[in-house]
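1. structure for the following, please:
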Amino acid sequence: MSRRPRITTILVTMVVGMVAVILVCCIGLFLDRYRRAIVQNARTSSAQAVTQVSNTVASYLEDMDQAMDSVTQTLGQSAARRDSMLEAFLNFRPDVVAVTSYDGAGNLLDCWAQGRDPKEKIAVNLSFDYDQARRTADSFMTAPHVETIFDRYYPWVVTMTARLDEGGEAAWVSLDLSFSSLSSYINNVGIGTRGYCFLLDAGGNIIYHPQQQLIYSGLKSEDTAALAALEDGVYDNGTVITCVNSVEDSGWRVVGVSYVDELVDRNMAEMMQLSALLGALVLGGAVLTSWLLSRLLGRPLRGLAAAMESFEKDADHFTYHPVGGTREVQELSASFSHMVGRIQQLMVTVRQEEVNLRKTELKALQAQINPHFLYNTLDSIAWMCEQGQNADAVRMVHALARLFRISISKGHELIPIAREIEHAESYLQIQKYRYKNRFTYHFEVDPGCLDYLCNKITLQPIIENAINHGLDLMVEEGHITVQVCPDGQDILFRVRDDGVGMTPEQVAAILNKGPSDRTGIGIKNVNDRLKIYFGKQYGLRIDSVPDEGTCVEIRMPKVRQEDGYETK
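-> Okay, the predicted model is just below:
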């Protein structure tokens, strides 16, 4: 039967459960609000970073427009003044790598660069796109590229090309500006640990990306088509925060990418740890408070419950001390005290009745004398007298007298092993006369065992079984061996015969068979007596092999008169 929970346990569980539910709800609501605030803060931070980059790029492009205006005006001067002014312009603007002019067919006319001359034969000029120049009426900007018109000098530049007024030989002028300052600035813009910004043109083509090498090698990709379709704003898909902002007066757009896990989840993890710690402290306080309260209110009930448990464990030696508390608890305590006294009285009565019943049962088992054995023995004695075998008749009468004298034993249940051996030997003498010396026997007894006590009439039923079931069916002469030896704290009796043996089924039948006219007290009753008197660990064990013989082993403890066992 399962134990029901105590009222104090129920009280503590209810209080702690309510506090835990409230804590979980409050912490969950707080963390949800906190996460929303963190995400909004991350969106705002990303938007601010992208806006700052957009303004910087816009300033950069405006500066390029101003530089282009200055160069365009200079090209209208005379050749000497033009060259002088452009040289001064290049000295003043070291970020300008080269100024080039092209004729109407797209051929390079002039190139002004500080300390460098163009190649005589330019294979590919990435700074001038003739087709785009013809399509564009005003100025246009190329994507960052490597300067290719110089020998062994390949700076990273962005080119602005403008159409010149008709009237001169030059139709277009291009301004190559170093992109390193702007790219360095964009590379240093960090939105979190892994966030970054990059530039797109109006067609969704990447102008500059800080991880451009990974993109070119195919190890990283950007969904530029989807980004080009987005309007300016901040977009959050739960994992990545994307911010798009157009650069003023240009077709360029700045895209900022940041990751929620590092901007939000890290802060959320720290806040969850802090919330868990605070929740644990609050829950621990609730547990402690409810435990103290339940202990204060439930102490009388716990005392009464402890008394009940003690009474259940050792009712014989239990002494009850009434507990205090409320009137209901006191009434319950008084009822329990009355019940304890009544149960202890009943236990004494039942125990005495059990002792008497056990004595009666043992005496009934011992009183089961085989009438056929007595009748056959007396008949054998009468036949010996008629045949003039008076000496044998006298020995048989003496053996029968010793048998019954030891069986009675003045009412004692336990007798010395020496007396039990004498009883068995008397029985064997009588049976040997009756069976016309069809078997022999001998005893192997350890002298150290003779003074110990054993149940009387223990060996005789075993020997009787050996004669009736083992030797009676044999044609040849049989032999019985009786052994007594110590085994640790126990005594072992062994009765061996070399008779016909028994099958496992026959062994089981004998161990479960009660007394009958033929078996007398019976092996089962001997086994039952040993277990009743000494415990379930003692009793009989039968080993038998058909056509080879049987060994009955009897185990009982070493018992002396002073050990406290009842002998009557």
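
2. now the helices for the stretch 451-568 of the chain?
-> With helices called from DSSP state H, counting those that start in this stretch, the stretch 451-568 of the chain shows them at 459-465, 504-512, 523-534.

3. give me the angle between the last one and helix 504-512.
-> Note on geometry: by axes from the mean of the first three to the mean of the last three C-alpha atoms, to 10 degrees, helix 523-534 and helix 504-512 are set 50 degrees apart in direction.

4. buried stuff in helix 523-534?
-> In terms of neighbour count (16 or more other C-beta atoms under 10 Å), helix 523-534 has its buried residues at Ile523, Lys524, Asn525, Val526, Asn527, Asp528, Arg529, Leu530, Tyr533, Phe534. (C-beta placed from N, C-alpha, C; glycine too.)

5. try stretch 461-479
-> So, applying 16+ other C-beta under 10 Å, buried residues of stretch 461-479: Pro461, Ile462, Ile463, Glu464, Asn465, Ala466, Ile467, His469, Gly470, Leu471, Gly478.

6. what's the answer for stretch 146-163, then?
-> By 16+ other C-beta under 10 Å, the buried positions in stretch 146-163 come out as Glu147, Thr148, Ile149, Phe150, Val157, Val158, Thr159, Met160, Thr161, Ala162, Arg163.

7. secondary structure element holding Ala307?
-> Using DSSP states H and E, Ala307 sits within helix 266-313.

8. now flag whichever of the buried residues of helix 523-534 is closest to Met14.
-> Comparing the buried residues of helix 523-534 against Met14 with C-beta to C-beta places Phe534 closest, at 53.6 Å.

9. list the contacts of Gln537.
-> By C-beta atoms under 8 Å, 6 or more residues apart in numbering, Gln537 lies in contact with Arg555.

10. can you give me phi and psi for it?
-> Backbone torsions of Gln537, given as degrees, to the nearest 10, read phi -80, psi -10.

11. distance of it from Lys558?
-> Separation of Gln537 from Lys558 (C-beta to C-beta, to the nearest Å): 14 Å.

12. what bridges to the nearest residue to Asp498 once chain neighbours are set aside?
-> Take Asp498 and drop its neighbours on the chain: the residue closest to it by C-beta to C-beta, 6 or more residues apart in numbering is Gly549, 4.3 Å away. Beta bridges link Gly549 to Val545 when assigned by DSSP bridges.

13. which residues in the stretch 51-200 of the chain form strands?
-> All strands of the stretch 51-200 of the chain, identified by DSSP state E, counting those that start in this stretch, fall at 96-102, 108-112, 140-141, 145-146, 156-163, 172-178, 196-200.

14. which residues touch the third one?
-> Think strand 140-141. By C-beta under 8 Å, 6+ apart, the residues outside strand 140-141 that reach it are Leu61, Met64, Gln132, Ala133, Val158, Thr159, Met160, Thr161, Ser250, Gly251, Trp252.

15. that one pairs with which strands?
-> For strand 140-141, sheet partners with direction are given as strand 156-163 (antiparallel), following DSSP bridges.

16. how far does the partner strand sit from the chain's center?
-> Relative to the chain's own centre, strand 156-163 is displaced by 68 Å; criterion: C-alpha atoms, centre = their mean, to the nearest Å.

17. relative orientation of that strand and strand 172-178 in degrees?
-> Relative orientation of strand 156-163 versus strand 172-178 (the same axes, to 10 degrees): 160 degrees.

18. and Arg81, how far from Gln344?
-> Distance from Arg81 to Gln344, counting by C-beta to C-beta: 132 Å.

19. hmm, I typed the wrong one, I wanted Val445.
-> Distance, Val445 to Gln344, by C-beta to C-beta: 47 Å.

20. so in this protein, which helix runs the longest?
-> In terms of residue count, the longest helix belonging to the chain (DSSP state H) is helix 7-75.

21. report the rounded mean pLDDT for that one.
-> The average pLDDT for helix 7-75 rounds to 81.

22. what of stretch 299-316?
-> Averaging pLDDT along stretch 299-316 yields 76.

23. just the C-alpha atoms of it, please, in PDB.
-> Provided in PDB are the C-alpha atoms of stretch 299-316 (Å, rounded to 0.1, in the frame of the first residue of the first chain):
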ATOM      1  CA  ARG A 299       5.200  19.300  14.500                       C
ATOM      2  CA  PRO A 300       2.500  17.700  16.800                       C
ATOM      3  CA  LEU A 301       1.200  15.600  13.800                       C
ATOM      4  CA  ARG A 302       4.700  14.600  12.900                       C
ATOM      5  CA  GLY A 303       5.400  13.500  16.500                       C
ATOM      6  CA  LEU A 304       2.200  11.400  16.400                       C
ATOM      7  CA  ALA A 305       3.200   9.900  13.000                       C
ATOM      8  CA  ALA A 306       6.700   9.100  14.300                       C
ATOM      9  CA  ALA A 307       5.200   7.400  17.400                       C
ATOM     10  CA  MET A 308       3.000   5.300  15.100                       C
ATOM     11  CA  GLU A 309       6.000   4.300  13.000                       C
ATOM     12  CA  SER A 310       7.900   3.300  16.100                       C
ATOM     13  CA  PHE A 311       5.000   1.300  17.300                       C
ATOM     14  CA  GLU A 312       4.800  -0.500  13.900                       C
ATOM     15  CA  LYS A 313       8.500  -1.400  14.000                       C
ATOM     16  CA  ASP A 314       8.600  -2.600  17.600                       C
ATOM     17  CA  ALA A 315       5.200  -3.000  19.200                       C
ATOM     18  CA  ASP A 316       6.500  -5.100  22.100                       C
END
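
24. rewinding a little: just send the buried residues of stretch 461-479 back as CSV, with pLDDT and distance to Gln213 too.
-> Shown next, in CSV, are the buried residues of stretch 461-479 (pLDDT from 0 to 100; distance: C-beta to C-beta, whole Å):
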residue, pLDDT, distance to Gln213
Pro461, 84, 103
Ile462, 89, 100
Ile463, 87, 105
Glu464, 84, 106
Asn465, 84, 101
Ala466, 85, 102
Ile467, 84, 107
His469, 76, 101
Gly470, 74, 102
Leu471, 75, 106
Gly478, 87, 106
